[in-house]
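Asks: Please work out how this folds:
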Amino acid sequence: MAREIAEIISDKKGADIVILDTGKVSTITDYFVIATVESERQSKAVIEEIEKKLKTHRKLPMSVDGEANSGWVLLDYGDVIVHIFDPGTRDFYDLEDLWSNAPVVVRMQ
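Replies: Next up, the predicted model:
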């Protein structure tokens with residue numbers, strides 16, 4: 001599912017997409033998918049497309065936190081947590097550094 005989400009984000013022109021294998025270092029979730037979008041409009045488009053495509057597989061987010069205009073939206077699918085950031089917010093929170101002990105599974109520029 002994490003790879004499918006990464007592909008959806010890429011198709012919507014999301015940037016610097018990273019999948020971290022957090023299951024090896026935490027019990028929170030198996031994977032983080034982290035991506036950057038350039039605008040509120042793009043953030044909404046990415047989020048809507050993820051929800052639409054995963055819904056066809058009967059997968060709904062357990063929770064959604066944040067809004068497109070906040071700079072960070074989190075979609076929690078249980079085994080996969082998706083983080084959609086604007087560039088400044090992504091730099092500020094620097095999840096890749098915070099979770100640096102989690103192996104990188106995929107990196108898409």
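Asks: Go through the helix or strand in which residue 43 is found and flag the buried ones.
Replies: In this assignment (DSSP states H and E), residue 43 forms part of helix 40-55. Buried residues in helix 40-55, counting neighbours by 16 or more other Cβ atoms under 10 Å, are found at 42-47, 49-51, 54. (Glycine included, C-beta is placed from N, CA and C.)
Asks: Centre of the chain to the helix or strand that comes right after that helix, how far?
Replies: Going down the chain from helix 40-55, the next helix or strand is strand 63-65, by DSSP H and E. For strand 63-65, the separation from the chain centroid amounts to 12 Å (computed by Cα atoms, centre = their mean, to the nearest Å).
Asks: who does the helix holding residue 43 touch, helix- and strand-wise?
Replies: helix 2-11, strand 72-76, strand 80-85 (3 or more Cβ pairs under 8 Å, 6 or more residues apart in numbering; DSSP states H and E).
Asks: if we go to 10 Å?
Replies: helix 2-11, strand 31-36, strand 72-76, strand 80-85 (3 or more Cβ pairs under 10 Å, 6 or more residues apart in numbering; DSSP states H and E).
Asks: and which of the buried residues of helix 40-55 is nearest residue 71?
Replies: When those are compared for distance to residue 71 (Cβ to Cβ), residue 43 wins out at 8.6 Å.
Asks: List the residues that contact the residue nearest to that closest one when sequence neighbours are not counted.
Replies: Nearest non-adjacent residue to residue 43, counting by Cβ to Cβ, 6 or more residues apart in numbering: residue 68, 3.9 Å away. By Cβ atoms under 10 Å, 6 or more residues apart in numbering, residue 68 lies in contact with 37, 39-48, 84, 86.
Asks: for the protein, which residue is closest to the average position?
Replies: residue 82 (2.7 Å; Cα atoms, centre = their mean).
Asks: That residue contacts residue 34, correct?
Replies: Yes - using Cβ atoms under 10 Å, residue 82 makes contact with residue 34 at a distance of 8.0 Å.
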